[in-house]
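Asks: What follows is a protein structure lacking sequence information:
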């Protein structure tokens with residue numbers, strides 16, 4: 001128990017070293033820093049006060065760090081990230097209530113920026129696991145009231161199978177009529193046979209080429225009737241696996257893999273990346289004594305492979321290390337390039353999260369018998385090496 005609080009304290013110390021004026025980098029994709037002049041244009045493009053809302057989510061993420069990951073926590077993170085924000089699609093009305101799981105089908109697009117052949121291949125390989133445990137057609141074609149009737153827990157969810165009931169598809173418009181082609185666990189073998197494929201790698205290459213050619217490819221997550229079951233199972237799985245992890249690389253692999261699975265469930269209409277990658281994953285990192293992650297693109301958690309995600313997470317930690325070490329130009333952009341009035345405004349809206357971090361630090365110290373661990377945090381961060389990382393990820397992903 002003492003080690004648990006030492007790890008949390010170490011993570012908070014790293015968090016305190018992250019310059020307050022640079023905290024927006026945790027929220028805005030690194031690829032957009034220079035293009036959108038820091039956080040302001042991002043804030044305007046996404047939603048009014050989007051940065052403020054995500055800061056509210058991070059404030060919750062960095063509170064009660066000695067508590068496990070739970071569905072209730074996830075709902076509270078989403079509620080904070082979405083309160084006072086509107087998600088509008090012309091002609092479409094969504095029940096996008098903050099902190100509530102979606103009650104209909106969702107989707108996200110696959111592009112060369114958020115998808116790799118490895119990620120697709122792992123996804124198609126998961127269909128084999130789903131068949132081994134059995135599946136029910138109701139998961140793929142839920143009734144209108146979104147309830148999956150008479151499905152046992154075993155039929156509804158086999159632990160760690162967040163893709164259960166999901167599919168990848170494309171929509172073509174011919175003479176004004178939509179024609180959808182989708183591949184899932186129920187039809188994958190027939191789909192491969194019709195196209196002369198014998199491996200999932202061939203199937204993955206086929207779909208990736210569609211993406212490269214500019215076709216509109218979407219991932220459709222599981223039906224809403226099993227979201228609660230999946231989120232509960234993934235939360236339990238994460239808590240158990242992180243508690244038994246034997247080294248830092250294994251911890252990072254567990255965090256990356258579960259974050260991707262949470263995103264695969266895609267339990268909300270919107271703000272899934274903000275909820276799981278920006279808020280939840282950074283909470284996981286701090287809990288285990290790591291720095292927070294500063295991403296070039298958090299959307300790699302859509303459809304990159306497991307080993308690739310661990311590498312991307314390591315890259316994001318190294319960016320944070322550079323920021324803490326005093327490097328001013330990150331992703332080709334300096335915070336000083338933001339107009340001074342906007343820098344003052346950002347200082348004001350970070351008051352609550354700064355206070356929350358300080359309060360949590362004080363609370364954790366009380367659990368350490370009122371004494372700090374004798375660690376020198378002024379030294380460069382010692383991040384785990386990437387040696388044997390692929391082996392660790394491969395072994396974990398097969399569980």
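Replies: Cool, the structure landed. What you see is a predicted model, and the numbers here were worked out from it, not measured in a lab.
Asks: secondary structure element for residue 168?
Replies: strand 167-174 (DSSP states H and E).
Asks: do you know how far residue 246 is from residue 8?
Replies: To residue 8, residue 246 is 19 Å away according to Cβ to Cβ, to the nearest Å. Any C-beta I mention is one placed from the backbone N, CA and C, and that applies to glycine too.
Asks: quick one: which of these two has more around it?
Replies: residue 8 (22 against 8; other Cβ atoms under 10 Å).
Asks: can you map out the helices along the stretch 51-200 of the chain?
Replies: 71-82, 117-133, 137-140, 153-156, 188-195, 200-212 (DSSP state H, counting those that start in this stretch).
Asks: next one: the stretch 201-350 of the chain
Replies: 227-243, 248-265, 272-273, 281-287, 300-303, 306-324, 340-349.
Asks: Point out the one among those that comes closest to residue 169.
Replies: helix 300-303 (13.7 Å; Cβ to Cβ).
Asks: Mind giving me the packing neighbours of the closest one?
Replies: Under the contact definition 3 or more Cβ pairs under 8 Å, 6 or more residues apart in numbering; DSSP states H and E, helix 300-303 sits against strand 108-110, helix 117-133, helix 248-265, helix 306-324.
Asks: Map the structural domains onto the sequence of this protein.
Replies: 2-104+236-397, 108-220 (automatic domain parsing).
Asks: out of those domains, deepest packed?
Replies: A comparison of these by mean neighbour count, using mean count of other Cβ atoms under 10 Å, puts domain 2-104+236-397 on top with a mean of 18.
Asks: How far does that domain sit from its chain's centre?
Replies: Relative to the centre of its chain, domain 2-104+236-397 is centred 9 Å away, using Cα atoms, centre = their mean, to the nearest Å.
Asks: Just the pLDDT at the residue nearest to the spatial centre of the chain, thanks.
Replies: Centroid-nearest residue in the chain: residue 277, 3.2 Å away (criterion: Cα atoms, centre = their mean). pLDDT for residue 277: 98.
Asks: What residues does it make contact with?
Replies: Residue 277 makes contact with 259, 263, 295, 298, 301 under the criterion Cβ atoms under 8 Å, 6 or more residues apart in numbering.
Asks: what is the rounded mean pLDDT of the strand holding residue 168?
Replies: pLDDT averaged over strand 167-174 gives 65.
Asks: go on, stretch 228-235?
Replies: Mean predicted lDDT for stretch 228-235 stands at 90.
Asks: Stretch 187-195 now?
Replies: Stretch 187-195 comes out at a mean pLDDT of 89.
Asks: likewise stretch 214-222?
Replies: pLDDT averaged over stretch 214-222 gives 89.
Asks: Quote the end-to-end distance of that stretch.
Replies: End-to-end distance for stretch 214-222: 25 Å, by Cα to Cα, to the nearest Å.
Asks: show me what contacts residue 360?
Replies: With Cβ under 8 Å, 6+ apart, residue 360 has these contacts: 12, 62, 63, 64, 65.
Asks: Can you tell me how far residue 349 is from residue 324?
Replies: 22 Å.
Asks: And for residue 243?
Replies: Residue 243 sits 28 Å away from residue 324, going by Cβ to Cβ.
Asks: now residue 343
Replies: With Cβ to Cβ as the criterion, residue 343 and residue 324 are 19 Å apart.
Asks: on that earlier part again, state the pair within the contacts of residue 277 that is farthest apart.
Replies: 263 and 295, at 13.5 Å, using Cβ to Cβ across the contacts of residue 277.
Asks: OK, contacts around residue 305?
Replies: Residue 305 touches 116, 118, 119, 121, 122, counting by Cβ under 8 Å, 6+ apart.
Asks: Let's have those in JSON lines, adding pLDDT.
Replies: Formatted as JSON lines, the contacts of residue 305 follow (pLDDT from 0 to 100):
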{"residue": "116", "pLDDT": "98"}
{"residue": "118", "pLDDT": "97"}
{"residue": "119", "pLDDT": "96"}
{"residue": "121", "pLDDT": "94"}
{"residue": "122", "pLDDT": "92"}
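Asks: so where's this protein shaky on pLDDT?
Replies: 1, 43-49, 84-95, 129-165, 171-180, 369-399 (pLDDT under 70).
Asks: please redo it, this time with the cut-off set to 80
Replies: 1-2, 41-49, 83-96, 105, 128-165, 170-181, 186, 225, 369-399 (pLDDT under 80).
Asks: For the closest residue to residue 283 other than its chain neighbours, give its distance to residue 169.
Replies: Sequence neighbours aside, residue 61 is the residue nearest to residue 283 in space, at 4.0 Å (criterion: Cβ to Cβ, 6 or more residues apart in numbering). From residue 61 across to residue 169, the span is 33 Å (Cβ to Cβ).
Asks: same thing with residue 127?
Replies: 14 Å.
Asks: Tell me who's in contact with residue 338.
Replies: Contacts of residue 338 (Cβ under 8 Å, 6+ apart): 37, 38, 39, 40, 346.
Asks: Mind doing that once more with 6 Å?
Replies: Contacts for residue 338 (Cβ atoms under 6 Å, 6 or more residues apart in numbering) come out as residue 38.
Asks: quick one, phi/psi of it?
Replies: Geometry field for residue 338 lists phi and psi as phi -80, psi 140, criterion degrees, to the nearest 10.
Asks: swap in residue 101?
Replies: phi -60, psi 150.
Asks: how far away is the closest residue to residue 122 other than its chain neighbours from residue 189?
Replies: In space, and not counting its chain neighbours, residue 122 is closest to residue 305: 5.5 Å by Cβ to Cβ, 6+ apart. Note on residue 305: its distance to residue 189, by Cβ to Cβ, is 22 Å.
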